[in-house]
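Chemist: here is a sequence with its predicted model. Questions after.
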Amino acid sequence: MTTESSTTSVWPDPGGLLQPRERSRVGELIVKARSRQVTIGSSQATYRWDLSRLDRVVSFHAPDMILTVETGLTLNAVKDIVEAEKLWLPLDTPGGGDLSLAEYLAGDDSLSWLSHRYGSARDWIVGLTALDDQGREVTSGARVVRNASGYQLAPLYIGARDGLGPMVEVSFRLLPLPVPATIVSLKADNPDQLVVIWQQSCRISHPSGRGEPWEALRLEFVNGRWRLDGMTRFPPEDVATWKGTADVDSNETIVVAKIPAREGQEKALKSDIQIQVLPTQIPELLTSLHSLDVELTCYPAAGIIRIGRLNEIQERSPLESLLAAVAEKGGRIRPMTEDLPVKLPAPESLSADIVLSKRVKQILDPDGIFGPLPVEQW
Amino acid sequence: MPIPPSLIKKLRRIVGRKQVETGPAELLVYESDGLRLHTARPGCVVYPASTDEVSQLVKVCCQAGVPFVARGAGTGLSGGAICDGGVIIQLSRMNRVLAVHPDDRYAVVQPGVTNEYLNLQTRGHGLEFAPDPSSGVSCTIGGNVAEDAGGPHTLKYGVTHNHVLGQTVVFPDGETATLGGPFPVSTGPSFSTFLIGTEGTIAITTEIIVRLVPVAPAVVTMLAIYSKVADATDAVSGILTAGVLPAALEMIDHLCIQAVEAHLKAGFPTDAAAVLIIELDGEETLMKREAEIVARVCRGQGTAAFYTAETDEERLRLWQGRKHAAGALGKITQAFYTNDGVVPRSRLTDIFQAIYRIGDKYGLRIGNMCHAGDGVIHPQILFDSDDPQGPGRAMDCSRDILLACLEMGGSITGEHGVGVEKRGYIDQMYSAVDLAHMIRLRDGFNPGGCLNPGKIFPNNAKDGETGSAASIPPGAGE
C-alpha cells in the first residue's frame, strides 16, 4: 500500500511506501514520523520512501555541463535530458536505468561496463541535498565542476540505503557526448580466449606496453555462451586486429553506435551476488566459475564479477566453496538480493568502512528515525 | 600558551629526542604555509616515522588538551597547516612509496611522498597518478588528500578523490583504521572518500592507496593567443560545447604573461591579452580530429594566432610557463596574494570582467591564471608589502572576488580549501543547517576539537552555533 502524503494524513500499513508529491512534504513526514515514533528509510524501517514524484529538473544550463535534478527522475530520463544537449553522464546500471535516482543512489548499484573507465556514481556527483533527522534539507557541494569547500556528504549517503536520510536533489558533472564509438561484440565457448583478447588489447596503444583502449568492457556467460562486449574510440579497422588468432565468432561484431553508453547495457544479467577482486585475479576466477556453469557478468578491469540466476543452480556447495576461497584471498562478496539460495562466507570482522559508517549513523541519526543501517548488504 | 614540558617529554619519548623541535628559529618555518598572510607560531614540531608513532602522538596531545595539526610540504594556500601554540605533526619522514602494482594499477604510499616522486616510480610502468597540482614537485600525496587537490589535468581525469582507493588513518583519540582497499572501483558508502578534502579536521592520513592511470599514448599541446580576454573565455566554452574534452584547458592573462616572459621565456607574446593552453591526449587518430575542432573553434573565436607545439621541448616550455606563472610574478612585484574561486564555466567572461573591476576599485593590479575548463580561477593580487594597509587591501579585494563567484553560482574554493583563509565566507556558501550538519560530523570524530582547530568552519563553531559566522566585513583585513 502506498500513500500520497500531501493530500492525506493517512499513513500506509507498516512496510508501505511514502510518496511525497513535494520536497517540503519529505521534511514534514520526517517530523511526523518522529512524533509517531515510527521510522522511514532503510528496508528495515517502518516505511520506505518512494520519491518518484519529485521529478523536477532544478537547473540545467548545458554550457556549464552541470545538471541538478530531483531524485525522482530515472537515470534514463536524466540521460535523455543531457543527450538532447549533446552531453553525457557516463553512468549505467545493470537494471536498465528505469530506477529513480533516489533508488539508484541509495542502493549504489552503479557499477557497469562503463566503470572500467568512468568509475561509479560517486565520481560524478558534485552536489547533494538530503534531509536530516529533524526533517531539514542539508546541502553539500555546489553546482560547479570543482569545489573544495566544506565536507562532501555524497560519499557517506550514496549506498547507505536511505539509512542516513533521503537524498532529494543531486548535481552531476557531465561530459561532452563523445564521438560515436566502436562497439565490439565477440562470442566464444570458454572465457580463456576472451580474457586473452582483453589482456592483449590493453598492451596495444602505448610504447611501454600499456594503454587504455577500452572505455567500457564486459565479459559475460549467459545461455551457455561466453561473450565480450566492449566500447572503444579506436577505429574499427584497428579493433579488428585485436582478435589476433583467438578462436572467436566475430560475424556480428563490430558496429559503430550513435549513443554508445546505451548499447547492450539493458541486456545485462540481474545479479544475486557481486564479487570484487583485483583485475589480475579475474582470469583464474572466470575459469573456476566456468567449470561451475553459473551465469555471470564480469567487468574485468574493474575487478567485478556479478553472478545471477542462482536459483537455477542445482549443486550449490562448489560455488559456496569458491566464494569462501575468494574471501580467504581478500576478495569481497556482497549480496545483491535478499534471501540468497547460497551461503556466503561470514566476514571475520566488520570492515573499518562499515564500523565507521555505523558511527556516522549514530552521529547524524542518533534516534534512528531512518531505521537501522542495513550494513550487511554493503 | 606554551606547550607543557611534560608533554614535550612524552613526545620525545615517542619519536626520539631529535625528532622534536622547539627552538624559535626552527619553528619559524612552520608559522605559515604557502599563504604567508596568515601566520601562527606552533609550540613544537614533531617528525613521526610511522602510523603507530602518529597514533601515540595524537593520543598524548589529546590527553593534554593541546591542539595538533598534520602537515606535509606546507605548500597549501589556505592556512590549513598552521597551528597556533600547538603541535605540528610533520609527516615528511613518512616519504616512502611502499609498493607499486602495475598490473592492478595501484600504488601504496606514505603521506610525505611528493606527486613528482610517485610519478617517477610509476612512469616506467606506463602509469601515473593523475592529480597534478602546480606544486607537484614538492607537494605531498597526504596534502593532496587533505585538500582534494586538483591541477590542470583534472579537467579530464578528475581530482584526488577520484584517484584514491583507500587509506590508513589515525583519529584524534589515537584509533587507527584502514579504509577502502586496492580494488579499482567500490560501491556503498565510502568513509575514505568522505575524508578526502576534510582538510585534516577529522583524521590524519598515514598511508594511501592510489589509483594509477595509463600515461596517454599521445599528447598534443596547443597555444591560442587572444587580444581580448573575453574572446579567450568564450573559446573555452566553445571548445567544450563542440564535444571536445581536453586533458587540460588553461588560461593566463596579460600581467602573468609579462611575468612569465620576463622570467622564463615560455614563448607567450607579451602583447597578448590572454593565452589558452589546450592539451589533448589519447588515441592518435581521435586526437587529430579533436585538434582540428579545437583549432576551428579558437580561430572562430577571434584568436590572433594559434600554434601547436611541435616537439616535447616546446610542449614542456608552454607548461613551464603555466605552472610557474605564480612564481614568475615575483619578478614584477614584492608580494602577491593568490585567490582561488570557482564559477560555472559559462560565467568565465563575467568573472574576469568582475575581477578587473574589483582590482580597479582597490587600486591593485591582478594577474590571472586559471583552470579555465573547470571554471577555477586563481587571480594573483599584487600589493605593496611596505604599505601597512597593503595586505589588508589585497585580502578585501580577494573577498570581493569570492563573493562575485558566489553571486555567479560558484564556490569560494576550487582546490585550495577553506583553511583559516576562507572560514569567514563559508556561511555565504552554505546555510546554518548545512554547516551544523558538517560540524556534527567533525565533532563526532574530533570531539575535543584538538585536531586542526579553527579550520574550515567559523571560529569555535559548534553544532547549532554557526549562525554568527558572518563574512568578514570590509576593511577587517587592514
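Modeler: Ah, there it is. Numbering: from 1, shown residues only, chains lettered A, B, ... in the order given.
Chemist: quick one: list the elements packing against whichever strand or helix holds residue B:12.
Modeler: Using DSSP states H and E, residue B:12 maps to helix B:5-15. Packing partners of helix B:5-15 (3 or more Cβ pairs under 8 Å, 6 or more residues apart in numbering or on different chains; DSSP states H and E): strand B:20-21, strand B:44-46, helix B:51-64. C-betas here are computed from N, CA, C, even on glycine.
Chemist: could you redo the last one with a cut-off of 10 Å?
Modeler: strand B:20-21, strand B:44-46, helix B:51-64, strand B:87-90 (3 or more Cβ pairs under 10 Å, 6 or more residues apart in numbering or on different chains; DSSP states H and E).
Chemist: helix or strand right after the shortest one?
Modeler: Proceeding N to C from strand B:20-21, the next assigned helix or strand is helix B:24-28, under DSSP H and E.
Chemist: buried ones in that next one?
Modeler: residue B:27 (16 or more other Cβ atoms under 10 Å in any protein chain shown).
Chemist: tell me where chain A has helices.
Modeler: A:23-36, A:75-83, A:101-107, A:115-118, A:154-157, A:191-201, A:236-242, A:282-292, A:317-328, A:352-364 (DSSP state H).
Chemist: contacts only, for the closest residue to residue B:86 other than its chain neighbours.
Modeler: Nearest residue to residue B:86, sequence neighbours excluded (Cβ to Cβ, 6 or more residues apart in numbering or on different chains): residue B:67, at 3.5 Å. Shown in contact with residue B:67 (Cβ atoms under 10 Å, 6 or more residues apart in numbering or on different chains): B:3, B:42-43, B:61, B:83-87, B:448-454.
Chemist: OK, contacts around the residue nearest to the spatial centre of chain A?
Modeler: Geometric centre of chain A, nearest residue: residue A:110, 1.3 Å, by Cα atoms, centre = their mean. By Cβ under 10 Å, 6+ apart, the contact set of residue A:110 is A:75, A:91-94, A:104, A:118-124, A:158-159, B:185, B:187.
Chemist: hmm, 6 Å instead?
Modeler: Residues near residue A:110 by Cβ atoms under 6 Å, 6 or more residues apart in numbering or on different chains: A:91, A:120, A:121.
Chemist: one more: residue B:12?
Modeler: Counted by Cβ under 6 Å, 6+ apart, residue B:12 has contacts residue B:20.
Chemist: look at residue B:7 and say how many residues are nearby.
Modeler: Residues lying near residue B:7 (other Cβ atoms under 10 Å in any protein chain shown) number 19.
Chemist: ok, and the closest non-adjacent residue to it?
Modeler: residue B:64 (4.7 Å).
Chemist: ok, now how distant is the one you found from residue B:260?
Modeler: 48 Å (Cβ to Cβ, to the nearest Å).
Chemist: compare neighbour counts for the two and give me the winner.
Modeler: The neighbour comparison of residue B:64 against residue B:260 (other Cβ under 10 Å) goes to residue B:260, with 28 against 17.
Chemist: domains of chain B?
Modeler: B:5-90, B:97-214, B:219-327, B:333-478 (automatic domain parsing).
Chemist: just say which of those domains is most tucked in.
Modeler: Highest mean neighbour count of these: domain B:97-214, a mean of 23 (counted as mean count of other Cβ atoms under 10 Å in any protein chain shown).
Chemist: about what we covered before: keep only the contacts of residue A:110 that also lie close to chain B.
Modeler: Contacts with chain B within the contacts of residue A:110, counted by Cβ under 6 Å from any Cβ of the partner chain: residue A:120.
Chemist: from the contacts of residue A:110, which single one is nearest residue B:297?
Modeler: residue A:91 (27.6 Å; Cβ to Cβ).
Chemist: check contacts around the closest one.
Modeler: A:110, A:121.
Chemist: for it, give its distance to chain B.
Modeler: Residue A:91 is 12 Å from chain B, where distance means Cβ to the nearest Cβ, to the nearest Å.
Chemist: so does stretch A:187-198 get close to chain B?
Modeler: No. Using Cβ under 6 Å from any Cβ, stretch A:187-198 never reaches chain B; the gap is at least 12.8 Å.
Chemist: please save the CA atoms from that stretch in PDB.
Modeler: Extracted in PDB, the C-alpha atoms of stretch A:187-198 (Å, rounded to 0.1, in the frame of the first residue of the first chain):
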ATOM      1  CA  LYS A 187      31.500 -14.800 -28.700                       C
ATOM      2  CA  ALA A 188      33.400 -17.900 -27.600                       C
ATOM      3  CA  ASP A 189      32.900 -21.300 -26.000                       C
ATOM      4  CA  ASN A 190      35.100 -20.500 -22.900                       C
ATOM      5  CA  PRO A 191      36.400 -17.400 -21.200                       C
ATOM      6  CA  ASP A 192      40.000 -18.000 -21.900                       C
ATOM      7  CA  GLN A 193      40.100 -16.700 -25.400                       C
ATOM      8  CA  LEU A 194      38.100 -13.600 -24.400                       C
ATOM      9  CA  VAL A 195      40.400 -12.900 -21.500                       C
ATOM     10  CA  VAL A 196      43.400 -13.100 -23.800                       C
ATOM     11  CA  ILE A 197      41.800 -10.500 -26.100                       C
ATOM     12  CA  TRP A 198      41.200  -8.200 -23.200                       C
END
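Chemist: all good on my end, thank you.
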